[in-house]
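> Got a predicted structure plus its sequence, pasted below:
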Amino acid sequence: MTDAATTTAGPARPDPEPPDPEGPPAPRVTGPAPGAAGPPPEVSPLEDRAAGALVGAAVGDALGGPAEGLTPEQIVARHGGRIEGIVGPFHADWRTARPLAPYHKGDGHITDDTLMTHALVRVYETVRDHLDAYAVADHLVPDLIGTPRWIPELEAEALPLQRIFLAEKWIVARLHYGHADPREAGVGNIVNSGAAMYMTPVGIVNAGNPDRAYAEALDISAAHQSSYGREAAGVFAAAVAAAFLPDATPATVAGHALRLAKDGTRAAIEAVCDVAAPHTDYESALVPLRAAVAPYDTVGPDHREPSLGARRPSRVHAVEELPIALGMLLVADGDYRATVLGAVNYGRDCAAIATMAGALAGALNGAAAVPDEWSAEVARASRLDLHAPAAALAAVAREVFARDRARRRRHEQSFGALLAGTVMTEASGR
């Protein structure tokens, strides 16, 4: 979501570094009008796949919203079959029906997953460099509490703080009111997928560099999460970055996730990917994938009635959402429509699952992979320009890459001088 207030409170960080010697960064790109079905013409693969990732994430979020907290069986009972596109709310009386009231989920409305994702895009637009936990305190928190925006689920303009979930409100409480060290603020929060769900921008800024995306997302999410919730944020950002590699496939994306993941997160991803391997249709995979992730999921069988041990720090557990998103990506062989529909019909926290799955499939295939009839309706219903944040973030990614290259060259020169000094010392016999 972008509008006239695209920057958050607080000054942008100064950049003491000289421009890249090969020239200045590319100019910023302006996106199409709200509701546009595709990216601007003649875009580079970076812009196209950034649009695929961000538009794909938002559409997955909107499709998954009305099925949140449900089982696959409840989804079939409500809709007379599997969800195959944009549907209405689960409850006709959504304004008063518990436990969802007062949120209008469905009908193409994005949820807090996309609200937080677009907020992080705006932080990148302000800082125009890599982010860390302090960027959350300096820029993300002011954005959440300082600028009213259209909230589709509330059908009103409000502060994002008034919509985000308790685990995200924690950021504001700890940083704005508690003045906690941003690098430690996530400790004590409930451990969930709240940080992972909005890490797509981190993967885009570090496109093609999963290791850097992993490290940056871990740094950012320290202000929000701890334990396996923070780990999921790092691994998901890495998976998005890996999806931008020229030869990327669903298998290589999952491979990079496994290579970087630690502890229970790695074990859960490995278990789900192993079970996903023989399946080529999400219908047959729904029950086996849930069985594979269940030993690592602390929430328990009833998503709306978490177990007593739910969402506590642990080295042997994992969030459910990321492994299932990767599993659905493998089952569908990266096809956007099938990947997202599998994530949606899985139920449980399916808005977050479909957000992640949609981002990965969109990054692999580009914006054209996201069905026009879905993206156009989500843009219209949510009053969002889905492409403008992607164009803006791709421009930031170009600038960050130029800065990284300049920094690397300065380091090579400095380290080279140190090595040259060593050679001269050895030659002199000292």
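Looks like it came in fine.

> Longest helix in the chain, please.
Ranked by residue count and defined by DSSP state H, the top helix of the chain is helix 388-428.

> Could you tell me how far it lies from the centre of the chain?
28 Å (Cα atoms, centre = their mean, to the nearest Å).

> by contact count, what packs against that helix?
In terms of contacts (3 or more Cβ pairs under 8 Å, 6 or more residues apart in numbering; DSSP states H and E), helix 388-428 is packed against helix 45-64, helix 112-127, helix 200-205. Just so you know, the C-beta spots here come from the backbone N, C-alpha and C atoms, and that holds for glycine as well.

> Compute the inter-axis angle for the first one and helix 388-428.
In this structure, helix 45-64 runs at an angle of 130 degrees to helix 388-428, with axes from the mean of the first three to the mean of the last three Cα atoms, to 10 degrees as the basis.

> returning to that earlier point: out of the helices and strands packed on helix 388-428, which is closest to residue 331?
Checking the helices and strands packed on helix 388-428 against residue 331 by Cβ to Cβ gives helix 45-64 as the closest, at 15.0 Å.

> Just after the closest one, pick out the following helix or strand.
helix 72-79 (DSSP states H and E).

> ok, now which ones touch residue 97?
residue 91 (Cβ atoms under 8 Å, 6 or more residues apart in numbering).

> Helix, strand or coil: sort out it for me.
Three-state call for residue 97 (DSSP: H, G, I helix; E, B strand; the rest coil): coil.

> which residues touch stretch 181-194?
132-134, 136-137, 165-168, 170-171, 174-175, 178, 195, 219, 221-230, 232, 298, 311-314, 319-322, 349, 352.

> Now with 7 Å, please.
Stretch 181-194 is contacted from outside by 133-134, 136-137, 165, 167-168, 170-171, 174-175, 221-230, 232, 311-313, 319, 321-322, 349, 352, using Cβ atoms under 7 Å, 6 or more residues apart in numbering.

> residue ranges with poor pLDDT in the stretch 151-300 of the chain?
Across the stretch 151-300 of the chain, nothing is flagged by pLDDT under 70.

> Mind jotting down where the helices sit in it?
166-172, 200-205, 210-221, 227-243, 250-260, 263-276, 282-293 (DSSP state H, counting those that start in this stretch).

> Please tell me how far the first one is from the chain's geometric centre.
If I follow you right, that is helix 166-172. How far helix 166-172 lies from its chain's middle: 17 Å, per Cα atoms, centre = their mean.

> cool, the fourth one as well?
Taking Cα atoms, centre = their mean, one finds the center of helix 227-243 at 8 Å from the center of the full chain.

> got it, and the second one?
Centroid separation between helix 200-205 and its chain, computed with Cα atoms, centre = their mean, is 8 Å.

> The residue nearest to residue 263 when sequence neighbours are not counted and residue 264: what is the separation?
Sequence neighbours aside, residue 315 is the residue nearest to residue 263 in space, at 4.4 Å (criterion: Cβ to Cβ, 6 or more residues apart in numbering). Taking Cβ to Cβ, to the nearest Å as the measure, residue 315 falls 6 Å from residue 264.

> To residue 91, which of the helices and strands packed on helix 388-428 lies closest?
With Cβ to Cβ as the criterion, residue 91 lies closest to helix 45-64 of the helices and strands packed on helix 388-428, at 16.2 Å.
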